[in-house]
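Asker: Starting from these lines, generate the structure:
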Amino acid sequence: MATHRDLNQGEPYLISAHQLRANSIVTEHIARLRAKQDKFDEALQYYAYSQMELGWTGHSAKDLEDYLIKRAGGRDALLARVAEIKNTFGDQRLVKPAGAAFTWPANLTPQKAAYVDVDVLVDGEGVVTDARVLKGDDGFRDAALADARALHLPAISWPGHALPTLRSIVFLYKSPSMVSPEKRVKVWWGLGERPAGNVTLITPDGEHIVSVPPSLAPGTDEQDLTSDSSEFRSSPALPRYSLLMQQSAMRMMSRNVEGAIAKFREAVQTEPDCVACHRLLAEALAQKGDRPGAIAEYKEVVRIEPDNAEHHFTLGAQLEAEGATQAYAGYHFDPKTRTSRPSSSAMPKTARADYESALEQYRLAHQLAPGNASYKEAYERLRRQLKHP
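Answerer: Numbering: from 1, shown residues only. The predicted structure is shown next:
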């Protein structure tokens with residue numbers, strides 16, 4: 001049972017084991033359950049969501065992917081559906097006001113967008129039981145807090161059980177502009193707290209809020225940014241590659257993947273041994289669907305920091321995913337047995353090479369961090385699959 005004290009008193013509060021943080025493992029598990037129930041649309045949605053959560057390694061369970069590929073009508077069709085679904089996630093947690101509209105403070109019309117971050121405690125029925133303002137524009141704090149306390153959010157529950165949860169809510173206040181003559185308030189909720197120390201920013205399109213590490217935020221002030229603002233170009237405190245990384249991050253948050261990739265590449269050219277530059281470029285390429293490009297960047301990460309077990313494991317996961325793609329490319333659906341079968345009993349040479357490379361990366365990760373169960377499991381699983389002694 002969750003317990004808490006008044007959030008506005010600044011005292012500690014506990015959510016115990018009931019504090020939820022969605023992640024790739026949980027969402028993929030739900031996707032597999034829906035697949036076994038032959039609920040294609042739900043399985044597809046959870047599959048897409050799992051790829052956007054912390055913990056996703058670049059590949060998913062084979063039985064899940066086989067099911068989705070067959071039901072979607074092929075791998076290309078599946079990738080297209082997944083990309084389409086991902087573009088909807090940003091607004092799926094939009095909050096509806098308790099009344100006719102959210103409150104806009106009287107006699108207050110700022111020249112630019114404003115925001116307020118609020119933490120709330122929510123009971124098993126979705127009712128907000130307590131709230132506190134974390135940060136945001138002074139003129140809007142009281143209105144945001146009052147609106148947050150009146151909210152009724154989607155419950156986290158299943159038959160016979162409901163979970164009290166800690167959630168973060170962000171209010172975005174949009175002044176009248178050429179885009180819209182109205183004052184607008186957009187509100188989103190998310191599970192758990194925002195990462196400690198993160199900076200809240202308004203995306204370049206002015207329609208979303210993002211939370212980024214300080215290293216990806218310009219200077220030390222929280223502010224709304226345009227992707228090519230003077231802050232990026234003129235800040236003397238940061239090297240050029242850091243400024244390019246900021247621009248890349250903001251483009252990613254605005255779903256401009258191509259623009260982000262271009263800036264990440266500039267950052268890599270400016271600072272070839274920047275691990276974060278190569279890693280984030282790899283992640284952007286993977287999101288675009290360019291796995292060979294992502295693998296090349298992850299190899300650079302391993303080159304720069306060869307003693308980092310996590311880098312080897314991540315590269316291994318991408319190589320294994322590419323091997324699986326090559327291995328399953330020759331599969332065809334047998335209508336008699338209603339199963340997918342390979343066109344040949346022999347594994348394609350390209351797939352075998354990728355699997356062998358992945359195994360070596362898993363071996364190195366396990367060697368560098370022998371106490372990590374995930375590294376050990378991946379190494380032993382793939383070794384058995386390849387029938388290594």
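Asker: what's the distance between the residue lying closest to I169 once chain neighbours are set aside and L191?
Answerer: The shortest distance from I169 to any non-neighbouring residue, by C-beta to C-beta, 6 or more residues apart in numbering, is to V118 (4.6 Å). Using the backbone N, CA and C atoms, a C-beta is placed for each residue, glycine as well. The gap separating V118 from L191 is 14 Å, by C-beta to C-beta, to the nearest Å.
Asker: Of the two, which one has the most company?
Answerer: Regarding V118 and L191, a neighbour count based on other C-beta atoms under 10 Å identifies V118 as having more, with 26 against 15.
Asker: For I209, see how far away the more buried one is.
Answerer: Distance from V118 to I209, by C-beta to C-beta: 12 Å.
Asker: for E300, same thing?
Answerer: In terms of C-beta to C-beta, E300 sits 32 Å off from I209.
Asker: can I assume G190 sits in a strand?
Answerer: Yes. If the criterion is DSSP: H, G, I helix; E, B strand; the rest coil, then G190 is within a strand.
Asker: quick one, what contacts it?
Answerer: R93, R167, S168, I169 (C-beta atoms under 8 Å, 6 or more residues apart in numbering).
Asker: now the helices for the stretch 1-150 of the chain?
Answerer: Here the stretch 1-150 of the chain has its helices, by DSSP state H, counting those that start in this stretch, at 24-36, 40-50, 62-72, 75-86, 141-149.
Asker: Quick one: list the elements packing against the longest one.
Answerer: When contacts are defined as 3 or more C-beta pairs under 8 Å, 6 or more residues apart in numbering; DSSP states H and E, helix 24-36 sits against helix 40-50, helix 62-72.
Asker: Deepest in the core, which of these is it.
Answerer: helix 40-50 (a mean of 20; mean count of other C-beta atoms under 10 Å).
Asker: Can you name the residues in contact with that helix?
Answerer: In contact with helix 40-50 (C-beta under 8 Å, 6+ apart) are residues 22, 24, 27-28, 30-32, 34-35, 56, 60, 64, 67-68, 71-72, 78, 81-82, 85-86, 89.
Asker: got it, and stretch 107-120?
Answerer: Contacts of stretch 107-120 (C-beta under 8 Å, 6+ apart): 7, 128, 130-137, 139-141, 144-145, 148-149, 151, 153, 166-176, 183, 189, 193-194, 200, 202, 206, 209, 224.
Asker: Tell me the buried residues in it?
Answerer: For stretch 107-120, the neighbour count (16 or more other C-beta atoms under 10 Å) marks A113, A114, Y115, V116, D117, V118, D119, V120 as buried.
Asker: circling back to that earlier point, could you dump the helices of the stretch 1-150 of the chain to TSV with mean pLDDT and distance to K349?
Answerer: Below are these laid out as TSV (pLDDT from 0 to 100; distance: least, C-beta to C-beta, whole Å):
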stretch	mean pLDDT	distance to K349
helix 24-36	80	30
helix 40-50	85	29
helix 62-72	89	20
helix 75-86	80	20
helix 141-149	95	58
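Asker: what's the closest of the ones you listed to P292?
Answerer: helix 75-86 (14.7 Å; C-beta to C-beta).
Asker: Quick one: list the elements packing against that closest one.
Answerer: helix 40-50, helix 62-72.
Asker: in it, what's buried?
Answerer: L78, R81, V82, I85.
Asker: Closest one of those to R384?
Answerer: So of the buried residues of helix 75-86, ranked by how close each gets to R384 (C-beta to C-beta), first place is L78, at 27.5 Å.
Asker: Could you measure from the closest one over to Q318?
Answerer: Counting by C-beta to C-beta, the gap from L78 to Q318 is 18 Å.
Asker: for the chain, what are the low-confidence residue spans?
Answerer: Along the chain, the parts satisfying pLDDT under 70 run over 1-25, 52-59, 87-92, 157-160, 177-179, 195-197, 203-208, 210-255, 328-347, 389.
Asker: Give me the domain ranges for it.
Answerer: 24-91, 93-194, 196-305, 307-385 (automatic domain parsing).
Asker: Show me where the protein has its strands.
Answerer: 114-122, 128-136, 157-158, 161-162, 165-174, 184-191, 199-202, 209-212, 331-334, 339-342 (DSSP state E).
Asker: what sits against the closest residue to D354 other than its chain neighbours?
Answerer: Spatial nearest neighbour of D354, chain neighbours left out: G323 (3.3 Å); criterion: C-beta to C-beta, 6+ apart. Listed by C-beta under 8 Å, 6+ apart, the contact set of G323 reads T350, A351, R352, A353, D354, Y355, A358.
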